[in-house]
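Asks: The following block contains a protein sequence and its predicted model.
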Amino acid sequence: MKKLHIFLVIAATFFLSFFVTDAFNSPVQAKSTKEIVFWNPFTGPDGTNMQKLVNQYNKTNPEYKVKNVSLQETEMYSKIPTIVNSRKGIPDLQIVHVERIKDYVHNGLLDSYNPYLSKFPKIKGGNYVAEAWKDGYYQDKRYGIPLDIHTTFMYYNKDLLKKYSPHALDDNIVTFKEIEEAGLKSKKDGVVSLGLTWWKPNFLSLYGQLGGKLTKNGKDPYFDNKTSKKAIKIYKDLHDEGVTSQDGQDPMQLFLTNKEIFHPEGIWMNNQIKEGNINYGVTNAPQLSSDPKKMVNWSSSHQFVLLKQPKRDKAKTVATLKFINWVRTHSVEWAKAGQNPASLAITKNKQYNKMQQSFLLKSKTEQNSLRIFDYRYNGYLADYLDRYAYDSIFGKTTTKKYLQKMQKTAQDQVNEQMDD
């Protein structure tokens, strides 16, 4: 009986492995030479919006229809080098985060758009949010065309704000000082002022406000410095005063149960929060200064890229850019996913202008606050910040040890990359 059980487990494992492998490989292949295979990491609710967008395009009856293939982000990124180096099954169009473009270029993974852009004069910087557009350009060539610029801003509970800090949003900017003052009043009622959410954008937003840089020479990381210590101290002081969420608490749950005033999170969480029974609004990320010219809202951008192909089909590539150009003026469906499309054409759309996240694109001042931390080895920093998150804030390690380890970890990985 035991042997039979083992056999069944092995057989099931083999079958599952075969099924997953086949499921992954099958969407890579176009059904015909007139089909554009489009890979992206949109597997959540935003994947539904992207599929709708693709469907809308295909209904225009283009010569080359688009096949939408949404893959788990970590798996997709791990597959890209393998696929490109194998020269087989390479998708015709790919979405990557803009911070990966520089490293992908250095590793020979991308083709440039330059030979094709003359046919598409509307795909130009003046038609896109500047911060998203500039980071798709590298070494005198265009490698990325932005789909969006997604930002971490701040949700707030309108009822709790009225009770504990009624004037904090008179200028649409909430400062750390105002967060502290509200928290000192609210904690006696079991209400925290600030949710300690995704550490990476929270830290980098404040680090940017303080003038911090990720590198001095474009290569070596620069994290173990006075600016980083100051940024961490601001959060740690708030935590130690008891005005933030604590270790073990779920900031989202606190917010959705009217136990948290301010909740920094991504615009992509808007749809989830809308489903909660809460009276809320949105504003900029926490700021040090009430001067709008000094604002920093951490951002990133999903960008259309062309993975390197041994023999690129020019006609299909032109058709691919036709799709990208169409998205430029038809991106309201993507905005419904809680995103801010990077195309400025969206700012003329009445439906979009009623969406909460639209305030970030409605003025040059807000657009200028959007900051993409574009460093070639950004991924190494991101891995560390995501892995160790609030360890120094929660007292699991000292700030000194935290920054030293971050600096060494990132530097070792950069050095290893240089040696390859």
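Replies: That came through fine.
Asks: Is Tyr380 in contact with Lys408, as I believe?
Replies: No. Assessed by CB atoms under 8 Å, Tyr380 is found out of contact with Lys408, at 11.0 Å. For every residue, glycine as well, the C-beta is placed using N, CA and C.
Asks: For the stretch 101-250 of the chain, which segments are assigned as helices?
Replies: Under the criterion DSSP state H, counting those that start in this stretch, helices of the stretch 101-250 of the chain are mapped to 101-106, 130-134, 158-164, 176-186, 199-209, 226-240.
Asks: From Leu361, how far off is Arg142?
Replies: When distance is defined by CB to CB, to the nearest Å, Arg142 is 22 Å away from Leu361.
Asks: Comparing these two, which residue is more hemmed in?
Replies: Counted by other CB atoms under 10 Å, Arg142 and Leu361 do not tie: Leu361 has more neighbours, with 23 against 17.
Asks: mind checking the backbone torsions on the residue nearest the centre of the chain?
Replies: Centroid-nearest residue in the chain, with CA atoms, centre = their mean: Ser300, separated by 4.6 Å. The phi and psi torsions at Ser300 (degrees, to the nearest 10) take the values phi -140, psi -180.
Asks: Could you do the one 3 residues further on as well?
Replies: Its backbone dihedrals place Gln303 at phi -120, psi 140, with angles given as degrees, to the nearest 10.
Asks: And it, what's its pLDDT?
Replies: Looking at Gln303, its pLDDT is 98.
Asks: That one contacts Lys134, correct?
Replies: No. The pair Gln303 / Lys134 is not scored as a contact, 11.5 Å apart, by CB under 8 Å.
Asks: For these two, indicate the residue with more neighbours.
Replies: The neighbour count for Gln303 versus Lys134, taken as other CB under 10 Å, is higher for Gln303 (25 against 15).
Asks: what number of residues lie near the residue lying closest to the more buried one once chain neighbours are set aside?
Replies: Once flanking residues are discounted, Gln303 sits nearest to Gly144: 3.5 Å by CB to CB, 6 or more residues apart in numbering. Using other CB under 10 Å, Gly144 has 27 neighbouring residues.
Asks: show me what contacts Gly144?
Replies: Residues counted as contacts of Gly144 (CB atoms under 8 Å, 6 or more residues apart in numbering) are Val96, Val98, Ile101, Asp135, Gly136, Tyr137, Ser301, Gln303, Phe304, Val305.
Asks: 7 Å instead?
Replies: By CB atoms under 7 Å, 6 or more residues apart in numbering, the residues touching Gly144 are Val98, Ile101, Gly136, Gln303, Phe304, Val305.
Asks: can you check Gly125 too?
Replies: The neighbours of Gly125, taking CB under 7 Å, 6+ apart as the test, are Trp133.
Asks: If we use 8 Å, what do you get?
Replies: By CB under 8 Å, 6+ apart, the neighbours of Gly125 are Trp133, Lys134.
Asks: From Tyr137, how far off is it?
Replies: Distance from Gly125 to Tyr137, by CB to CB: 9 Å.
Asks: can you give me the helices in the stretch 251-400 of the chain?
Replies: Taking DSSP H, counting those that start in this stretch, the helices of the stretch 251-400 of the chain run over residues 251-256, 270-274, 314-328, 332-335, 350-353, 364-369, 378-388, 399-419.
Asks: tell me which of the contacts of Gly144 is nearest to Tyr235?
Replies: Proximity of the contacts of Gly144 to Tyr235 (CB to CB) peaks at Val98, which lies at 26.2 Å.
Asks: What about the closest one, how many residues nearby?
Replies: Residues lying near Val98 (other CB under 10 Å) number 27.
Asks: Isn't it up against Pro146?
Replies: Yes. The criterion here is CB under 8 Å, and Val98 meets it with Pro146 at 7.2 Å.
Asks: so what's in contact with the two at the same time?
Replies: When contacts are counted by CB under 8 Å, 6+ apart, the set common to Val98 and Pro146 consists of Ala132, Gly136, Ser301, His302, Gln303.
Asks: Could you point out which residue ranges in the stretch 251-400 of the chain have low pLDDT?
Replies: In the prediction, the stretch 251-400 of the chain carries no residues with pLDDT under 70.
Asks: quick check, Gln51 in a strand?
Replies: No. With DSSP: H, G, I helix; E, B strand; the rest coil as the criterion, Gln51 is assigned helix and is not in a strand.
Asks: so what's it up against?
Replies: Applying CB under 8 Å, 6+ apart, the residues near Gln51 are Asn68, Ser70.
Asks: quick one: it from Val66, how far?
Replies: Distance of Gln51 to Val66, computed by CB to CB: 10 Å.
Asks: tell me the domain ranges of this protein?
Replies: Annotated domains of the chain cover 27-149+301-354, 150-299+375-419 [automatic domain parsing].
Asks: Throw those domains into a markdown table and include distance to Asn368, thanks.
Replies: A markdown table is the format used below for these (distance: least, CB to CB, whole Å):
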| stretch | distance to Asn368 |
| --- | --- |
| domain 27-149+301-354 | 8 |
| domain 150-299+375-419 | 8 |
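Asks: Quick check: which of the ones you listed is nearest to Gln367?
Replies: So among the domains of the chain, domain 27-149+301-354 is nearest, using CB to CB, at 5.8 Å.
Asks: For the closest one, what is the distance to the chain centroid?
Replies: Its chain's C-alpha centre and that of domain 27-149+301-354 lie 15 Å apart, by CA atoms, centre = their mean, to the nearest Å.
Asks: Spatially nearest residue to Asp386, not counting backbone neighbours?
Replies: Nearest residue to Asp386 in three dimensions, chain neighbours excluded: Lys200, at 5.9 Å (CB to CB, 6+ apart).
Asks: Check Thr409 too.
Replies: Take Thr409 and drop its neighbours on the chain: the residue closest to it by CB to CB, 6+ apart is Tyr384, 5.5 Å away.
Asks: Same question for Gly136.
Replies: Among residues not flanking Gly136 along the chain, Gly144 sits closest, at 2.9 Å (CB to CB, 6+ apart).
Asks: Next: Ile232.
Replies: Thr399 (5.0 Å).
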